[in-house]
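Trainee: Sequence and predicted structure are below.
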Amino acid sequence: MKKILILFTLLLLSVGAASAFDKYTINRDALPEAARAMLDEYFPKAKVGMIKVDKHLLKKTDYDVRLVNGTKIEFSNAGKWTSVDCKTREVPSGLIPKTIRNYVSKNFSDVKIVKIEKKSTKYEVGLSDGVELQFNLLGQFKGVKMDD
């Protein structure tokens with residue numbers, strides 16, 4: 001019985017320590033300057049619903065921002081966006097590389113880009129009809145994303 005009690009206490013402490021690295025706020029000042037500038041430029045009228053400051057033990061801090069209109073934006077430690085998900089709204093065109101915008105408008109003329117994610121080697125773009133496209137960092141089309 002004593003071992004179970006000790007194990008349970010350690011479990012509670014580890015869960016508490018893991019969640020201690022996250023901080024929630026609605027204050028834009030918690031974001032890096034580059035992130036605040038991006039929000040001011042591309043989402044000037046949108047109100048912040050929540051900012052999650054996600055501090056990792058061995059990794060740098062990142063930021064998850066949810067706007068009241070449902071848009072979710074993820075930022076790196078430096079304040080650069082890594083993901084913009086506007087749900088059903090169109091992602092601001094200034095956030096999308098020109099080559100990707102041109103490819104989508106030429107080949108998918110009646111849909112809009114509602115999500116874009118920048119990874120270390122590629123962009124993943126979500127369209128309003130549910131199709132997800134992949135592009136390299138130069139904006140060249142690489143294929144349609146298939147679910148695994």
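Mentor: Noted; the coordinates are in hand. Numbering: from 1, shown residues only.
Trainee: Against residue 69, how distant is the spatially closest residue to residue 62 that is not a sequence neighbour?
Mentor: Once flanking residues are discounted, residue 62 sits nearest to residue 54: 5.1 Å by Cβ to Cβ, 6 or more residues apart in numbering. Where C-beta positions appear, they are placed from N, C-alpha and C, glycine not excepted. Between residue 54 and residue 69 the distance is 22 Å, computed by Cβ to Cβ, to the nearest Å.
Trainee: do residue 102 as well
Mentor: 27 Å.
Trainee: higher neighbour count, residue 54 and residue 69?
Mentor: Comparing residue 54 with residue 69 by neighbour count (other Cβ atoms under 10 Å), the higher total belongs to residue 54, at 17 against 14.
Trainee: How about that one: which residues does it bridge to?
Mentor: Beta-bridge partners recorded for residue 54 (DSSP bridges): residue 22, residue 62.
Trainee: what sits against it?
Mentor: 21-22, 61-64 (Cβ atoms under 8 Å, 6 or more residues apart in numbering).
Trainee: now do residue 43
Mentor: Residues in contact with residue 43, defined by Cβ under 8 Å, 6+ apart, are 67, 71, 73, 92.
Trainee: out of those, who has the most neighbours?
Mentor: residue 73 (25 neighbours).
Trainee: Quick one: residues contacting that one.
Mentor: Taking Cβ under 8 Å, 6+ apart, one finds 38-39, 43, 64-65, 67, 81, 83-85 in contact with residue 73.
Trainee: how far away is the residue nearest to residue 113 when sequence neighbours are not counted from residue 101?
Mentor: Computed as Cβ to Cβ, 6+ apart, the closest residue to residue 113 that is not its neighbour in sequence is residue 91, at 4.9 Å. Computed as Cβ to Cβ, the residue 91 to residue 101 distance reads 10 Å.
Trainee: neighbour count winner among these two?
Mentor: residue 91 (20 against 17).
Trainee: can you list the contacts of residue 73 in a markdown table and add secondary structure and distance to residue 111?
Mentor: Shown next, in a markdown table, are the contacts of residue 73 (DSSP: H, G, I helix; E, B strand; the rest coil; distance: Cβ to Cβ, whole Å):
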| residue | secondary structure | distance to residue 111 |
| --- | --- | --- |
| 38 | helix | 24 |
| 39 | helix | 26 |
| 43 | coil | 21 |
| 64 | strand | 26 |
| 65 | strand | 25 |
| 67 | strand | 22 |
| 81 | strand | 22 |
| 83 | strand | 19 |
| 84 | strand | 17 |
| 85 | strand | 16 |
